[in-house]
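what's the 3D shape of this:
(one chain, ligands or ions: 2)
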Amino acid sequence: MRIDDVEIFEVRLPLVRSFETSSSKKSSITHLLIRVRHEGLVGWGECAAPVDPFYCPETTETCFHILRDFLVPSMLGRDWDSIEEFVGFHRLVKGNGFARAGLEMAACDLLSRSRGQSLAEFLGGTRTEILSGVSLGIERDHAALPALIERYLSEGYRRIKLKIAPGHDVDVVAAVRGRFPEIALQVDANSAYTLEDSSTLEALDDFGLILIEQPLAHDDIIDHAQLQARMKTPICLDESIHSAADARKAIEIGACRIINIKVGRVGGLLEAKRIHDVCREHGVPVWCGGMHEFGVGRAANLAISSLPNFSIPGDVSGSDKYFHEDVVVPPIMAENGSIPVPTGPGLGITVMEDRIRTLALRSWSSSTIT
Ligand code: OSB
Ligand code: MG
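Ligands and ions are numbered 1, 2, ... in the order given. Okay, here's the model as predicted:
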């Protein structure tokens, strides 16, 4: 395989409902879509870094820079036979997982398409549908939250995730649990607390939560291990895990009992699969997190979620939870809290290329490299 040219498109879609976390508030999503071509075959990838550095250090802008100036030039026109070999072209690039993942996703789409395989098959997936949950942002209007939860439950979603932040935690969880005693419920702090807040976090043990996601710093596992030793509720790490080595260390020191895998955060599908495998060896379940992906990244999330150890519902919801109109057809939709894993070649979706070209706020083509 060989990639002859690459195009990058910056696309913004308004969110159906604005989304607030302990670290940011958004009413639209801006991601990079990456088109790679080999002869008559096209592959697509999505770079799902946020516009701001409040979830992780990368942003849309850093991804554009790293792709254009480093990742694309180091692989363009070179031959490769496997994804292992492809990612090897970028082994000197430190960090920048979202940028690497976007290009690797396009390469995986291209390679699996050329083999007539679905991406899920290519990755060794076994599930034909994935269990779907929803992630709800911080709702300042507390009265609106029950109706919102009711709506997603009635649509069949398997579990509800609430964002928490200091001053918006135990009371909110207690109210939701009081109103919905039986539902599968979990919370995500996006690293808003420190060990000094242990008593607040320990109070969350009373609500039968499936897990508490990333309560402490984005770059910590040591304090998480201390906190986990004091809490019954499993800690799930998101921001702190960037590789299979990170996952192994976090599990070995007892920093978490569950891991959230995001393809972008960990630098691509290959590393996501390695994390899945390490967790499986240690008896640690995983689930697929989300970054409000468009249909391209969402299709990749479905493919990785088809691996056997993705045994608890993830944050990959139907496209209609996020956008009025997506960039792929047909839009990826949940039914009764499940989403079918695409079976067509590659990502198994049809990318609306004309729409992407029309929407692009900015684009770049490798054919401009001289
Ligand atoms: O921490 O899981 C997170 C969205 C953006 C950045 C970080 C997170 C999230 C979500 C939304 O929780 C997940 C989704 O529905 O795509
Ligand atoms: Mg999270």
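
Tell me the buried residues in the longest strand seen in the chain?
For the chain, the strand with the greatest residue count under DSSP state E is strand 5-20. Residues of strand 5-20 classed as buried by neighbour count (16 or more other Cβ atoms under 10 Å): 6-11, 13, 15, 19-20. Where you see a C-beta, it was placed from the backbone N, CA and C, and this is true even at glycine.

With ligand 2 in mind, check whether that strand reaches it.
No. Judged by Cβ under 5 Å from the ion, strand 5-20 and ligand 2 are separated, with a smallest distance of 12.1 Å.

Does the helix or strand just after that strand reach ligand 1?
Scanning forward in sequence from strand 5-20 by DSSP states H and E, the next helix or strand is strand 25-38. No. Using Cβ under 6 Å from any ligand atom, strand 25-38 never reaches ligand 1; the gap is at least 8.0 Å.

Tell me which strands strand 25-38 pairs with, and in which orientation.
Partners of strand 25-38 in the sheet, by DSSP bridges, are strand 5-20 (antiparallel), strand 41-47 (antiparallel).

State the mean pLDDT of the first one.
Looking back up the chat, that one is strand 5-20. Mean pLDDT, computed over strand 5-20, is 97.

So which residues on the stretch 201-350 of the chain come close to ligand 1?
Counting by Cβ under 6 Å from any ligand atom, the stretch 201-350 of the chain comes close to ligand 1 at 238, 289-292, 315, 317.

Residue 216 belongs to a helix, doesn't it?
No. With DSSP: H, G, I helix; E, B strand; the rest coil as the criterion, residue 216 is assigned coil and is not in a helix.

May I see the strands paired with strand 25-38 arranged in JSON lines, with distance to residue 300 as well?
Converted to JSON lines, the strands paired with strand 25-38 look like this (distance: least, Cβ to Cβ, whole Å):
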{"stretch": "strand 5-20", "distance to residue 300": "16"}
{"stretch": "strand 41-47", "distance to residue 300": "7"}
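
can you pull out the helices in the stretch 1-150 of the chain?
Assigned by DSSP state H, counting those that start in this stretch, the helices in the stretch 1-150 of the chain fall at 60-66, 72-75, 83-88, 97-114, 119-123, 144-154.

Would you mind finding the most buried of the ones you listed?
Mean neighbour count (mean count of other Cβ atoms under 10 Å) peaks for helix 97-114 among the helices of the stretch 1-150 of the chain, with a mean of 26.

Tell me what angle that one forms with strand 5-20.
120 degrees (axes from the mean of the first three to the mean of the last three Cα atoms, to 10 degrees).

now helix 97-114, how far from the centre of its chain.
Put simply, helix 97-114 sits 15 Å off its chain's centre (Cα atoms, centre = their mean, to the nearest Å).

Output the contacting helices and strands for that helix.
The contact analysis (3 or more Cβ pairs under 8 Å, 6 or more residues apart in numbering; DSSP states H and E) places helix 97-114 against strand 25-38, strand 41-47, helix 60-66, helix 83-88, helix 119-123, helix 269-281, helix 295-305.

so which of the ones you listed comes closest to residue 337?
helix 295-305 (13.3 Å; Cβ to Cβ).

angle of that closest one against strand 41-47?
Angle of helix 295-305 versus strand 41-47, following the same axes, to 10 degrees, is 90 degrees.

if we can go back for a sec, same list (the helices and strands packed on helix 97-114) but as CSV, adding distance to residue 345 and mean pLDDT.
Below are the helices and strands packed on helix 97-114 laid out as CSV (distance: least, Cβ to Cβ, whole Å; pLDDT from 0 to 100):
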stretch, distance to residue 345, mean pLDDT
strand 25-38, 14, 97
strand 41-47, 10, 98
helix 60-66, 26, 98
helix 83-88, 16, 98
helix 119-123, 9, 98
helix 269-281, 16, 98
helix 295-305, 12, 98
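
tell me the most buried of these?
Burial of these is given as mean neighbour count (mean count of other Cβ under 10 Å); helix 295-305 ranks first at a mean of 29.

any idea of the angle that one forms with helix 269-281?
Put simply, helix 295-305 runs at 30 degrees to helix 269-281, going by the same axes, to 10 degrees.

CA atoms of helix 295-305 as CSV?
Only the C-alpha atoms of helix 295-305 are listed here, as CSV (Å, rounded to 0.1, in the frame of the first residue of the first chain):
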residue,chain,number,x,y,z
GLY,A,295,-19.8,10.0,11.3
VAL,A,296,-16.2,9.2,10.2
GLY,A,297,-14.8,9.0,13.7
ARG,A,298,-18.0,7.4,15.0
ALA,A,299,-17.7,4.6,12.4
ALA,A,300,-14.1,3.9,13.7
ASN,A,301,-15.5,4.0,17.2
LEU,A,302,-18.0,1.3,16.3
ALA,A,303,-15.3,-0.8,14.7
ILE,A,304,-13.0,-0.7,17.8
SER,A,305,-16.0,-1.3,20.1
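
Beyond that helix, next helix or strand please.
Following helix 295-305 in sequence, per DSSP H and E, is strand 328-329.

which of the buried residues of strand 5-20 sit farthest apart?
Taking Cβ to Cβ as the measure, the buried residues of strand 5-20 span a maximum distance of 34.5 Å, between 6 and 20.

Could you provide the helices of the stretch 1-150 of the chain in CSV, with additional columns for distance to ligand 2?
Output for those, formatted as CSV (distance: least, Cβ to the ion, whole Å):
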stretch, distance to ligand 2
helix 60-66, 19
helix 72-75, 29
helix 83-88, 24
helix 97-114, 14
helix 119-123, 22
helix 144-154, 18
